[in-house]
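**Q** make a model of this:
(2 chains)
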Amino acid sequence: MKKINRTYVLGALGLAIAAWIVWQASQIPMRLVANEPGPRFIPYVSAGGLALFSILTIIFDAPKEAKKGTKPYLDKAGWIRLAIIIGESILFALSMVYIGFWITAMLGMMLFIVTLKRNKKINWVVAILLSIGLASLCYFGFTRGFNIPLPKGELWEALGIAMP
Amino acid sequence: MQAYIEALGILLQPANFLVMYACALVGCVLGAIPGLSGGLGITLLLPMTFALSRELSFSMLVGMYVGGVSGSFIAAVLVGIPGSASSIGTCYDGYPMTKNGKAAKALSIGITGSFIGTFVSIIVAMLCSGAIADIALSLGPWEYFSLCLMAITMVVGLSNGSVFKGLMAAFLGLFLSTVGADKVTNTLRFTFNNTNLYGGINMVCMLMGTFALQQVATAYAKGQQDMPPVDTASLKGFGLTIKDFVSNAKTIIVSLFIGLFIGFLPGMGSGISNLIAYGQAKKMDKHPEKFGTGYDPGVWATEVANNAGVGGALIPMISLGIPGDGTTVLLLSAMTIKGLQAGPMFIKTNPVLAALIFLIVLVSAILVFFTELGTKRWFPYLLKAPYHYLFSAIMMICFMGAFSATTSIFSVYMMIAFGILGVVMDMFGMPMTPLMLSFILGPKIEEYFRTGVSYARGDYSRFLTRPVSLIFILIAIYSVVGPFITKAIKNRRAAKAGDIK
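**A** Down below sits the predicted model:
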């Protein structure tokens, strides 16, 4: 299978984003303070710069990559690992909303430890104590110590269970 | 002087002092472990600063900064893998010294060199920052715009990889900084009627995503390597004599100035200064052939230079509001979070806080020096830290930090999105620092540009007709175009030489 030159993809992506920025920026209402370029100016500049350097990277960097050969960023197992860690992050975020930060943090840390250990052995006592201890320290430290609220969980609220 | 006395009183308060010391030690550990850094520690600490006083916040963050820079030589000396880019040069002679049975001496040079670099550079920063801020007060929005532009292009020009990709990252960062209500006219931009975006993209979420989450995700996806075993037999004793200091005095002094100057220039952090100092030490030495074989001056040069960058980088951050390297970008974000405007007025309006920042660096450097000397024999254990526990803790703190930044789950989704953006940028070989720097400096760039044009009654040429502004713009252009010109000249010379032969 022919490998895709990543720099071409980057250049094309850069041009597409630049076009999108221009389109979106053109819809910003123009409110001008005397003699100044207005709120559209910097978005236009950023789109222009992005487009210009996307073209230049296609012209100058892509042939270099083609000459050197494109090395795969990750192997198949690496992509799977990346998908797993991103998936777990999304799960963590969603879980924070429904079951609250404290329980999510304890379970989430355990999940991350199990995932990130790969082929190493883990000491379950250390893993459990660390998950419970650190999650509790962070949760109570932030909510009680710093008075910064963290989500308590919509599920518990719906069930009428008061979480600490 | 009064400000320093007051600042010392604040620093010596038990809470501030203990937090600073603890963070300096944690920074040291993070700096020692390849893949982690003091910068990562600062990112994780940023959300905590919301609820803390300015004094306690900066005790934490600056302590972490000093520890992080200082600890990076440990892995370079013991296993030949730099803790961060600032200790690449240390591997060249530090690791061969360990292999030659001189690990104790190599570590002592690293510890002492780091201390000398930080200590002297911060004294220079204390003396210079006020004077530079006074000069900066006479500058207008035109010069500040050009200065910010120069800072970004210098970062791009000197970052690894393609200049064009670096500039793409910079313009992307500039675009991201425009999301939210425009500061001049209060017009909403790119918010898509989402109230969470009215105030712009939250800086903490962006930094946590692109800095911390991306690092953990890519390290896991690429397969984190375990550290090789360390020979602990040669770790006993101090290993340094007065003669060592005297015979390496020239290398130490020259490296100090190199580190200080390079740290001062925006974008040229300790990742570059240690290599330049190494090259210069080799050039100056009577026995250049000994470099790379476990030669003391090699370690002195790199460790003095990279730590001298601490003071060097703080000068433009405090006096001009321009961060000198990636880690000072994070410190500048912390100043913004605490409602402080870094720049020439900072020293005038917050003299005690400015003095406190310098004193934290000074005292942290002293504490780290003695602690490292006393605990040197345990350094190999730092490198055995289990990544799966560390990374899991980092992930959990990231989620908590992102939520607490705005007390909204939207921030957590944003952090994940920025983490994915970070992975995509890594895949395409786009450097992260230009994105972060232009995101942080973007609002300033826009404000200075628009007020500059407005003050000049619509005259855009004012940026080029004011001499200081013009100089900054020319440097900005040269920092991007310069490497191409140099390369073209070299190629032409090589071609001519080939023709003559």
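
**Q** near chain B at all, the strand or helix carrying A:Ile80?
**A** Per DSSP states H and E: A:Ile80 is located in helix A:76-99. Yes - legend: contact between helix A:76-99 and chain B by Cβ under 8 Å from any Cβ of the partner chain is shown at A:78-79, A:81-82, A:85-86, A:89-90, A:92-93, A:96-97. (Each C-beta comes from the backbone N, C-alpha and C, glycine too.)

**Q** ok, of these, which one's closest to B:Ala15?
**A** A:Met96 (30.2 Å; Cβ to Cβ).

**Q** for stretch B:451-458, give me every contacting residue.
**A** Outside of stretch B:451-458, the residues within contact range by Cβ atoms under 8 Å, 6 or more residues apart in numbering or on different chains are A:33-37, B:140-142, B:145, B:184, B:459-460, B:462-463.

**Q** just the buried residues of that stretch, please?
**A** B:451-454, B:456 (16 or more other Cβ atoms under 10 Å in any protein chain shown).

**Q** just the ones of those in helices?
**A** B:451-454 (DSSP state H).

**Q** nearest to chain A among those residues?
**A** Nearest to chain A among those is B:Ser454, at 4.1 Å by Cβ to the nearest Cβ.

**Q** sorry, back to before: can I get the contacts of stretch B:451-458 in a markdown table including pLDDT?
**A** Compiled in a markdown table, the contacts of stretch B:451-458 are given as follows (pLDDT from 0 to 100):
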| residue | pLDDT |
| --- | --- |
| A:Val33 | 67 |
| A:Ala34 | 70 |
| A:Asn35 | 77 |
| A:Glu36 | 83 |
| A:Pro37 | 87 |
| B:Gly140 | 87 |
| B:Pro141 | 89 |
| B:Trp142 | 92 |
| B:Phe145 | 90 |
| B:Val184 | 82 |
| B:Asp459 | 88 |
| B:Tyr460 | 89 |
| B:Arg462 | 92 |
| B:Phe463 | 92 |
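
**Q** write the ChimeraX selection for whichever of those are buried.
**A** Buried residues among the contacts of stretch B:451-458 (16+ other Cβ under 10 Å), as a ChimeraX selection:
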select /A:36,37 /B:140,141,142,145,184,462,463
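
**Q** look up the closest residue to B:Gly83, ignoring the ones flanking it.
**A** Nearest in space to B:Gly83, with sequence neighbours left out and distances taken as Cβ to Cβ, 6 or more residues apart in numbering or on different chains, is B:Ser72 at 3.5 Å.

**Q** in chain A, what helix or strand scores lowest on average pLDDT?
**A** helix A:62-68 (a mean of 87; mean pLDDT, DSSP states H and E).

**Q** from the residues of helix A:76-99 next to chain B, which would you call buried?
**A** The buried subset of those - by 16+ other Cβ under 10 Å - is A:78, A:81-82, A:85-86, A:89, A:92-93, A:96-97.

**Q** can I get these in TSV with pLDDT?
**A** Shown next, in TSV, are those (pLDDT from 0 to 100):
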residue	pLDDT
A:Gly78	93
A:Arg81	94
A:Leu82	95
A:Ile85	94
A:Ile86	95
A:Ser89	96
A:Phe92	96
A:Ala93	95
A:Met96	93
A:Val97	93
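
**Q** isn't B:Arg462 up against B:Phe145?
**A** No - no contact is recorded between B:Arg462 and B:Phe145 when judged using Cβ atoms under 8 Å, the distance being 10.0 Å.

**Q** hey, what's in contact with both of those two?
**A** Common neighbours of B:Arg462 and B:Phe145 (Cβ under 8 Å, 6+ apart) are B:452, B:469.

**Q** ok, now which ones touch B:Thr218?
**A** Counting by Cβ under 8 Å, 6+ apart, the residues that B:Thr218 touches are A:82, B:422-423, B:426.

**Q** okay, it: pLDDT?
**A** At B:Thr218, the pLDDT value in this model is 90.

**Q** so where's the stretch 251-400 of chain B uncertain?
**A** B:266-271, B:324 (pLDDT under 70).

**Q** chain A contacts on that one?
**A** Going by Cβ under 8 Å from any Cβ, the residues of the stretch 251-400 of chain B near chain A are B:386-389, B:391-393, B:395-397, B:399-400.

**Q** so A:Val9 is in contact with B:Phe428, correct?
**A** Yes - under the criterion of Cβ under 8 Å, A:Val9 makes contact with B:Phe428 at 7.5 Å.

**Q** between the two, which has more neighbouring residues?
**A** B:Phe428 (21 against 15; other Cβ atoms under 10 Å in any protein chain shown).

**Q** measure that one to B:Tyr278 for me?
**A** As judged by Cβ to Cβ, to the nearest Å, B:Phe428 and B:Tyr278 stand 31 Å apart.

**Q** ok, B:Gly339 to chain A distance?
**A** 17 Å (Cβ to the nearest Cβ, to the nearest Å).

**Q** how near is that residue to B:Thr349?
**A** 12 Å.

**Q** more neighbours: those two, which one.
**A** Taking other Cβ under 10 Å, B:Gly339 and B:Thr349 do not tie; B:Thr349 has more neighbours (12 against 7).
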